[in-house]
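Novice: Sequence and predicted model, in that order:
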Amino acid sequence: MEITEDGVLLRPWQEADADAVHRACQDRDIQRWTTVPRPYRPEHAHGFVTELSRRAWAEGTGAPFAVCDPATGELLGSCGLTSITGDGTGTIGYWTTPQTRGRAVMVRATRAVARWSFRTLGLRRLIWQAEVGNHASRLVALRAGFRIDGRVRLADLPDGGPDAWIGSLLPGEVPEPGSAGPAGRGTLVARRAAVFGRPQPTLFATAPVGELRIRPMEEQDLDAVVQTCQDPETIRWTTVPDPYERADAQWYQGFGQDAWARGDAACFVIADQADRYVASLDLRLSPADPLLADVGFMTAPAFRGRGYLPAALIALSAWGFTTLGLARIEWKANVGNKSSRRVAEKAGFTFEGTARGGLQHRGERMDVWVAALLAEDLT
Amino acid sequence: MTGQPVVEAHGVRLRPFRADDVADVVDGCADPLSQRFVSSLPTPYTEVDARWWLDAGAPAVWAGGGAAYAIADPGTDRLLGGVGLNNPVPGRSQAEIGYWVRPTARGRGVAAAATRALGEHAFATGTLRLELLTELENAASQRVALAAGFRYEGLRRSAGQHRNGGRHDLLAWVRLAEDPPGPTARLLPDLPDGVLTDQVVALRRVGPDEAELMYRLHSRPEVVANQAPPVPPTWEAIERRCRVAESGWLTGEIARLLITDVATGEPAGSCGLSYSDVRSGEGSIGYALLPEWRGRGYATRAVRLLAGWAFGPAGMARITAGTVPENIASHRVLERVGFQREALQRARLPGLAGTRLDDLTFALLPADLR
């Protein structure tokens, strides 16, 4: 059983592949995101390319392929059906050797396996699942024609990431060999996968008082976050828990990490030249509209009114428009929160109106000011 | 089967099938509703099939690591239906729960009780995740899922098989071992007696029979122009929207209602309500009338009725309506109900070909409603 399509060769595993598989599966990303045993020993590789894969083919419970360079025979990755059920559903799984990445090899291999699964095996649907945060796998699936259908709670994944993305592919949805297909280079989806698939970046801004770093929250910020959230002004204008404990700050740090992994939000800390905590600044993508986001921020008492926030907000917004491709960023604050409004307006946000009773604030409904910044406002 | 524990809880007894269940199994499985929604049942379903189930089918399910119980009345031990665990995924401690109920036993919570009883038994013996897959049109089964503490997780495209070999989508409902027992709270409750009316107009849940009308209404250029983006709907999309209106309600996605003229019973238009922000209790409303019913205050009446329900049973605290800034007629409707103009939100909505559209937002608070 061999498939050659669009510059990749797929064939059943051979005993001689064991060394190459063992080498590939030492890779940090493969260990992080797939279910291969850890540590991955030579006997794991040998067992996989011999017994496990032969049994899957013999019993029809799976269809594991080695993905090879058709000219040189070099192993490029693994792609195949990890399960086939009696109702015509196959589950796809893949990994790419580190040196092969960035050449769309797995997109071509996945399309080939999918086409073969529908045409030759007669399967009726393929399922893809990956731990939430595995943006590289998600992008391969999208480019192979999968649609992301949602999230699955408590999936069977390593490192306790309890949620998985789930996607499905049906006959007729596999892009033709060599075609660009969905989620190609430059599309919003591809750009965001590239952003959120990497560690959260540090942005820079220049405030009147000096250079600022806009970076992910760190352990060293916890005390300052607690202090800021215990401050009466913060309690008055935001919905932080009250009383606020160190565990709340730890939860907030974890929330920021998870939101980044999901690609839902970018939660930053603004730090001064001495890397001291100045403020928190979050950019949250709208679940309903991919081009829409909103911002939220709070400033440590000692750093208020000194021009840190407008500078950081402009830098964050510019990053949102250029890197994330946003069209509109909204700011909302309780009516009367003049210092927040001053920050937004200094950053160029245009006031739009008051949403009456727009927010639930400590059990009371509050009127909310709404302002927005558009991509073209910054040009 | 022997050796399988009998489970007795929530007013039902789960026990192994017995030889004298044959006639009752046929009664339950040959029934049109069971036949429609349990696609694994043979057609036609006869005594031969029931005997096969008792002798081979159910034992095979047990042997495969699943469960196949008879649901019995604890008083009489008479068969009420079947409930089972299928497609176990041991690595994930997951199984899929399914059931059928005899026609005479329906409508009194037997399936929900059996699902609770078997679910709790499964959780107590190591299962962590139970899936319940329902057809989009099978609202009764979706109600069972909610009653038994399952939460809507998502759509599984083409996961269901027709008897004729075709495929269809299923809805996945999931309960984890640590989830509360239910019933699962609903964002959008049922309408009181199924209708909202002021004796001039009446609002009811849209149904499969309204597809033609809804297509006609939502394809009208002036209705399309008020959508974002302003793209006419396909017939398939509208047909599906009507067919799955009840499940949209049950999953909490959207309440879609038909506006009818009470005097004639004629349909006049449609409206819809969905949560735009669950945490802050904000909903969003939309409406459209057929041309021949405009100018009579029907839109105002419909929005007023729907808003009253939103603030009451649906528990919303604020309703917004996004409008095209030039749509004066729609602004009048909203203002008559008490909505206030709040903000012109620039580039708030997706337009055609990557453009963005301004949105003039109106909002209504409970005290404004008139």
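Specialist: Received it, and whenever you're ready, just let me know what you need.
Novice: Now for the spatially closest residue to A:Tyr244 that is not a sequence neighbour, which secondary structure element holds it?
Specialist: Counting by CB to CB, 6 or more residues apart in numbering or on different chains, the nearest residue to A:Tyr244 once its immediate chain neighbours are dropped is A:Cys229, at 3.9 Å. From N, CA and C alone the C-beta is placed, and that goes for glycine too. Remark: A:Cys229 resides in helix A:222-230, with elements defined by DSSP states H and E.
Novice: For the chain, which segments count as helices?
Specialist: Answering for chain A, as no chain was given. Counting by DSSP state H, chain A has helices at residues A:18-24, A:28-33, A:42-47, A:53-59, A:105-119, A:135-143, A:188-196, A:222-230, A:232-237, A:246-262, A:308-322, A:338-346.
Novice: please go with chain B instead
Specialist: Ranges of helices within chain B are B:22-29, B:32-37, B:47-52, B:58-63, B:110-124, B:139-147, B:211-218, B:221-224, B:235-243, B:245-251, B:298-311, B:328-337, based on DSSP H.
Novice: could these be laid out in TSV, adding mean pLDDT and distance to chain A?
Specialist: What follows is those, written out as TSV (pLDDT from 0 to 100; distance: least, CB to the nearest CB, whole Å):
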stretch	mean pLDDT	distance to chain A
helix B:22-29	97	19
helix B:32-37	95	16
helix B:47-52	97	17
helix B:58-63	96	12
helix B:110-124	97	12
helix B:139-147	98	15
helix B:211-218	98	20
helix B:221-224	97	19
helix B:235-243	97	15
helix B:245-251	97	11
helix B:298-311	98	11
helix B:328-337	97	14
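Novice: Now the closest residue to chain A within chain B: closest residue in space, sequence neighbours ignored.
Specialist: Here the residue of chain B nearest chain A is B:Ala343; by CB to the nearest CB that distance is 2.6 Å. Excluding its sequence neighbours, the residue lying closest to B:Ala343 (CB to CB, 6+ apart) is A:Gly353, at 2.6 Å.
Novice: Return the set of residues that bridge with the residue of the stretch 51-200 of chain A found nearest chain B.
Specialist: With distances taken as CB to the nearest CB, the stretch 51-200 of chain A approaches chain B most closely at A:Gly150, which sits 3.2 Å away. In this structure, A:Gly150 has beta-bridge partners A:Ile166, B:Gly154, where bridges are defined by DSSP bridges.
Novice: before we move on, the earlier item: my guess is the residue nearest to B:Ala343 meets B:Gln340, correct?
Specialist: No. Using CB atoms under 8 Å, A:Gly353 is not in contact with B:Gln340, being 9.9 Å away.
Novice: Neighbour count for these two, which is higher?
Specialist: For A:Gly353 versus B:Gln340, the count of surrounding residues by other CB atoms under 10 Å in any protein chain shown is larger for A:Gly353: 19 against 15.
Novice: contacting residues around that one?
Specialist: Each residue near A:Gly353 by CB atoms under 8 Å, 6 or more residues apart in numbering or on different chains is listed here: A:Trp369, A:Val370, B:Glu342, B:Ala343, B:Leu344, B:Gln345, B:Thr361.
Novice: Give me the local confidence score for B:Glu253.
Specialist: According to the predicted model, the pLDDT of B:Glu253 comes to 97.
Novice: leaving aside the residues next to it on the chain, what's closest to residue 269?
Specialist: This is for chain A. A:Met217 (4.7 Å).
Novice: Not quite, go with chain B.
Specialist: B:Leu289 (3.6 Å).
Novice: what about the nearest residue to A:Gly62 once chain neighbours are set aside, how many neighbours?
Specialist: In space, A:Gly62 comes closest to A:Ala56 once its chain neighbours are excluded; the distance is 3.3 Å by CB to CB, 6+ apart. When neighbours are defined as other CB under 10 Å, A:Ala56 has 20 of them.
Novice: could you point out where the stretch 51-200 of chain B is predicted with low confidence?
Specialist: Under the criterion pLDDT under 70, no range of the stretch 51-200 of chain B is flagged.
Novice: Can you tell me which residues in it are near chain A?
Specialist: Taking CB under 8 Å from any CB of the partner chain as the test, the list of the stretch 51-200 of chain B residues beside chain A reads B:87, B:89, B:91-92, B:94, B:128-129, B:153-159, B:161, B:167, B:174, B:176.
Novice: Can you tell me which of those residues are buried?
Specialist: Buried residues within these, counting neighbours by 16 or more other CB atoms under 10 Å in any protein chain shown: B:87, B:94, B:128-129, B:153-159, B:161, B:167, B:174, B:176.
Novice: Specify which member of these is nearest to B:Trp62.
Specialist: Proximity of those to B:Trp62, judged by CB to CB, is greatest for B:Asn87, which lies at 13.8 Å.
Novice: Nearest residue to that closest one in space, please, no chain neighbours.
Specialist: In space, and not counting its chain neighbours, B:Asn87 is closest to B:Glu96: 4.6 Å by CB to CB, 6+ apart.
Novice: check contacts around the residue lying closest to A:Ala288 once chain neighbours are set aside.
Specialist: Spatial nearest neighbour of A:Ala288, chain neighbours left out: B:Ser276 (7.6 Å); criterion: CB to CB, 6+ apart. B:Ser276 sits next to A:Ala288, B:Glu282, B:Gly283, B:Ser284, B:Thr320 when contact means CB under 8 Å, 6+ apart.
Novice: how many neighbours does A:Lys338 have?
Specialist: 11.
Novice: wait, I meant A:Gly7
Specialist: A:Gly7, neighbours per other CB under 10 Å, totals 16.
Novice: who's in contact with it?
Specialist: With contacts taken as CB under 8 Å, 6+ apart, A:Gly7 has the following neighbours: A:Pro70, A:Arg108.
Novice: A:Asp242 and A:Gln230, how far apart?
Specialist: A:Asp242 sits 8 Å away from A:Gln230, going by CB to CB, to the nearest Å.
Novice: Please verify my assumption that B:Ala58 contacts B:Ala68.
Specialist: Yes. Contact status for B:Ala58 versus B:Ala68: in contact at 3.8 Å, counting by CB under 8 Å.
Novice: Now for these two: what residues contact both?
Specialist: Residues touching both B:Ala58 and B:Ala68 (CB under 8 Å, 6+ apart): B:Phe17, B:Gly84.
Novice: related to what we said a few turns ago, of the helices of chain B, which is nearest A:Arg185?
Specialist: For those, distance to A:Arg185 was read as CB to CB. The smallest value, 30.0 Å, belongs to helix B:235-243.
Novice: just the angle between that closest one and helix B:211-218, please?
Specialist: In terms of direction (axes from the mean of the first three to the mean of the last three CA atoms, to 10 degrees), helix B:235-243 departs from helix B:211-218 by 120 degrees.
Novice: Name the surrounding residues that touch helix B:235-243.
Specialist: Outside helix B:235-243, the residues that touch it by CB under 8 Å, 6+ apart are B:136-137, B:206-211, B:214-215, B:218, B:248, B:256.
Novice: before we move on, what about stretch B:119-131?
Specialist: Contact with stretch B:119-131 is made by A:153-154, B:5, B:7, B:9, B:14, B:67, B:85, B:92-97, B:148-150, B:153, B:172-177, B:181, as judged by CB under 8 Å, 6+ apart.
Novice: where does chain A come near chain B, residue by residue?
Specialist: Of all the residues in chain A, those in contact range of chain B (CB under 8 Å from any CB) are A:85, A:87-89, A:124-125, A:147, A:149-156, A:166, A:168, A:170, A:288-289, A:291-292, A:327-328, A:350, A:352-360, A:365, A:370, A:372, A:374.
Novice: and with 6 Å instead?
Specialist: Taking CB under 6 Å from any CB of the partner chain as the measure of proximity, chain A contacts chain B at A:87, A:124-125, A:149-150, A:154, A:156, A:168, A:170, A:327-328, A:352-353, A:355-357, A:359-360, A:370, A:374.
Novice: where does the residue of chain A found nearest chain B land on pLDDT?
Specialist: Nearest to chain B, among the residues of chain A, is A:Gly353, at 2.6 Å (CB to the nearest CB). A:Gly353 carries a pLDDT value of 96.
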